[in-house]
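Q: Whatever this is, show me its structure:
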Amino acid sequence: MADLSINFAGISSPNPFWVASGPPANSAYQAHRAFEAGWGGVVWKTIGEPIVNVASRYSALNVGQAQIVGFNNIELITDRSPETNFREIAEVKKRWPNHAVIASLMVDTREQWHEYVKRSADSGADGIELNYGCPHGMCERGMGSAVGQQPKVLEEITGWVMEVATIPVIVKLTPNITDVTAPARAARRAGADAISLINTINSITNVNLDTLVPEPYVAGQSTHGGYCGPAVKPIAMNMVQSCAADPDVGLPISGIGGIGTWRDAAEFIALGSTSLQVCTAIMHRGFRIVEDMIEGLNDYLDSKGFETIYDLSGKSVASVQNWNTLDLHYQRVARIDYEKCIGCNLCYIACEDGAHQCIDLISPDERHGIGPGRLPGKPVPQVREEDCVGCNLCSLVCPVEDCINMTPISNGKEPLTWKQYEERLAKGEMASIPPHP
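A: Numbering: from 1, shown residues only. Got it, this is the predicted structure:
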């Protein structure tokens, strides 16, 4: 069985799964429950000057029967006193000495940063996460994403922290920015030990068409909130990879954003993460989801012959390149397994109206064998391979697993990238844009 333990920027944890800073990490009671369920670490709900929250606080994007595909919150940092939070951190760390307990902080002045950093260390916290990502409420007070969106300010405040820090410092980055590597580089210049990303994305999830006020509803008004959950996973993975690939960042990464299964975890690790933070999935399904995540990740690592997390970490980073390095002559075509086809013809509709019109409907008599569940005499989809551009759309809309496979084919052409094409064009070796294979 693979070893899931990690050492993240000097912070030891029995596995990479950490409860992210948020409602599930709001108290010692919850931290105890999390560790009992199997979580390796907890990043405490952000500590600062206590605030007063509003009601209501959450809204969600549902798609069909799938609930909370995206989750929006307008909840702010802790509404409990610093004394209570630091006392409970000490209590949790005493009971769980081998688990990671991280204090998340958000304050204003240099003096306050110094005070809270020292109090975090005195409480026994293993590390500190600097919350530079909150996109609502706190940014209006000059904190949260108001800091994370300005690399120079981020660098200065992180510098304040590093003046007194005696335990590892993690900078949490906002995704509400054009280039996430800019603040990541600033964190490194300031001396931070690691980065975590992404924080939530500025959003409005829906409008109540009866009241004409977006949710969450607060006395006839609403506000933009922080978006998270499965819907943000692709954005998070893109930003994680960007930081992992940038040699000027060069810091350990704690991946956050839409992680809820072992597959999500494995993908984030492959793109450069070491630790993994989870919030929305816990709020949706509870702490015990970590049991399946641990078992699934263990099984996956074993199946690949990986002995530790580090054997997988970053393995996919180098395969993500600029578009102009991709082979223009590589070709795949869609092929249908007629033993699995149920005749829904979604592939035909998608290709005809949304793609490249290379699927025809033909009589089943022209095709030997009728797939299970198909009515005799119903038209059968057939791909004209000579016109297929390999876009993948038909395989994505097909409801039957492995019914449509994208199959590489040889066209006899040597690999050619757009970059190579431009270089040859400049030399007069090519006269026009190379046609599609």
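Q: Check which helices and strands the lowest-mean-pLDDT helix or strand in the chain is in contact with.
A: Among the helices and strands of the chain, helix 145-148 carries the lowest confidence by mean pLDDT, DSSP states H and E, at a mean of 78. Contact partners of helix 145-148 among helices and strands, from 3 or more Cβ pairs under 8 Å, 6 or more residues apart in numbering; DSSP states H and E: helix 151-164. (Glycine included, C-beta is placed from N, CA and C.)
Q: and with 10 Å instead?
A: Using 3 or more Cβ pairs under 10 Å, 6 or more residues apart in numbering; DSSP states H and E as the contact criterion, the secondary-structure elements in contact with helix 145-148 are strand 127-131, helix 151-164, strand 169-172, helix 181-189.
Q: Show the model's pLDDT score for the residue nearest to Trp323 when sequence neighbours are not counted.
A: The spatially closest residue to Trp323, leaving aside those adjacent along the chain, is Trp418, at 7.1 Å (Cβ to Cβ, 6 or more residues apart in numbering). Model confidence at Trp418, given as pLDDT, is 91.
Q: Trp418: neighbouring residues, count only.
A: By the measure other Cβ atoms under 10 Å, the count of residues near Trp418 is 16.
Q: Likewise for the one 4 residues further on?
A: By the measure other Cβ under 10 Å, the count of residues near Glu422 is 12.
Q: any idea how far it lies from Met430?
A: From Glu422 over to Met430 the distance is 9 Å, taken as Cβ to Cβ, to the nearest Å.
Q: Just give the strands next to the one helix or strand Ile195 maps to in its sheet, each with its orientation.
A: Ile195 is located in strand 194-197, with elements delineated by DSSP states H and E. Within its sheet, and counting by DSSP bridges, strand 194-197 is paired with strand 169-172 (parallel), strand 253-256 (parallel).
Q: Can you get me a residue count around Glu88?
A: As a burial measure, Glu88 scores 21 neighbours (other Cβ under 10 Å).
Q: my guess is it meets Ser123, correct?
A: Yes: applying Cβ atoms under 10 Å as the test, Glu88 and Ser123 come out as touching, 8.7 Å apart.
Q: Find the residues that touch each one of the two.
A: 44, 101 (Cβ atoms under 10 Å, 6 or more residues apart in numbering).
Q: Might you list the low-confidence residue ranges for the stretch 101-250 of the chain?
A: For the stretch 101-250 of the chain, the stretches with pLDDT under 70 are 136-144.
Q: Let's see that with 90 instead.
A: By pLDDT under 90, the weakly predicted segments of the stretch 101-250 of the chain are 133-148, 224.
Q: coming back round to it: okay, the strands paired with strand 194-197, which one's buried deepest?
A: Relative to the other members of those, strand 253-256 carries the highest mean neighbour count by mean count of other Cβ atoms under 10 Å, namely a mean of 31.
Q: Only C-alpha atoms, please: export it in CSV.
A: Taking Å, rounded to 0.1, in the frame of the first residue of the first chain, the C-alpha atoms of strand 253-256 are listed here in CSV:
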residue,chain,number,x,y,z
ILE,A,253,1.4,24.0,-3.7
SER,A,254,-1.7,23.2,-1.7
GLY,A,255,-4.4,22.6,-4.2
ILE,A,256,-8.0,23.9,-3.6
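Q: Can you name the secondary structure element that comes next after it?
A: From strand 253-256 onward toward the C-terminus, using DSSP H and E, the following helix or strand is helix 262-270.
Q: Just the CA atoms of that next one, as CSV, please.
A: Coordinates of the C-alpha atoms in helix 262-270 are reproduced here as CSV (Å, rounded to 0.1, in the frame of the first residue of the first chain):
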residue,chain,number,x,y,z
TRP,A,262,-10.0,10.6,-5.1
ARG,A,263,-9.9,11.2,-8.8
ASP,A,264,-10.0,14.9,-8.3
ALA,A,265,-7.2,14.6,-5.7
ALA,A,266,-5.0,12.5,-8.1
GLU,A,267,-5.5,15.1,-10.9
PHE,A,268,-4.5,18.0,-8.6
ILE,A,269,-1.4,16.1,-7.4
ALA,A,270,-0.4,15.3,-11.0
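Q: What average pLDDT does it get?
A: pLDDT averaged over helix 262-270 gives 98.
Q: which strands and helices sit next to that helix?
A: Based on contacts counted as 3+ Cβ pairs under 10 Å, 6+ apart, the elements that helix 262-270 packs against are helix 233-245, strand 253-256, strand 273-278, helix 289-303.
Q: Could you say which helix or strand holds Pro135?
A: Assigned by DSSP H and E, Pro135 belongs to neither a helix nor a strand.
Q: which strands and helices sit next to the longest strand anywhere in the chain?
A: Ranked by number of residues, the top strand in the chain under DSSP state E is strand 66-73. Secondary-structure packing of strand 66-73 (3+ Cβ pairs under 10 Å, 6+ apart): strand 58-63, strand 201-203, strand 225-228, helix 280-285.
Q: To Ile409, which of these lies closest?
A: The minimum distance between Ile409 and the helices and strands packed on strand 66-73 falls on strand 58-63, with 34.6 Å, by Cβ to Cβ.
Q: Could you give the average pLDDT over the closest one?
A: Averaged across strand 58-63, the pLDDT comes to 95.
Q: hmm, back to that, TSV please, covering the helices and strands packed on helix 145-148 and showing distance to Met1.
A: As requested, these are arranged in TSV below (distance: least, Cβ to Cβ, whole Å):
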stretch	distance to Met1
strand 127-131	27
helix 151-164	38
strand 169-172	28
helix 181-189	34
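Q: Out of those, which is closest to Gly64?
A: Counting by Cβ to Cβ, and looking across all of these, nearest comes strand 169-172 at 32.6 Å.
Q: Which one of the strands paired with strand 194-197 lies nearest to Glu215?
A: Distances from Glu215 to each of those were compared using Cβ to Cβ; the minimum, 23.6 Å, belongs to strand 253-256.
Q: how about the strands paired with strand 194-197, which one is nearest Val63?
A: Val63 sits nearest to strand 253-256 of all the strands paired with strand 194-197, at 21.8 Å, using Cβ to Cβ.
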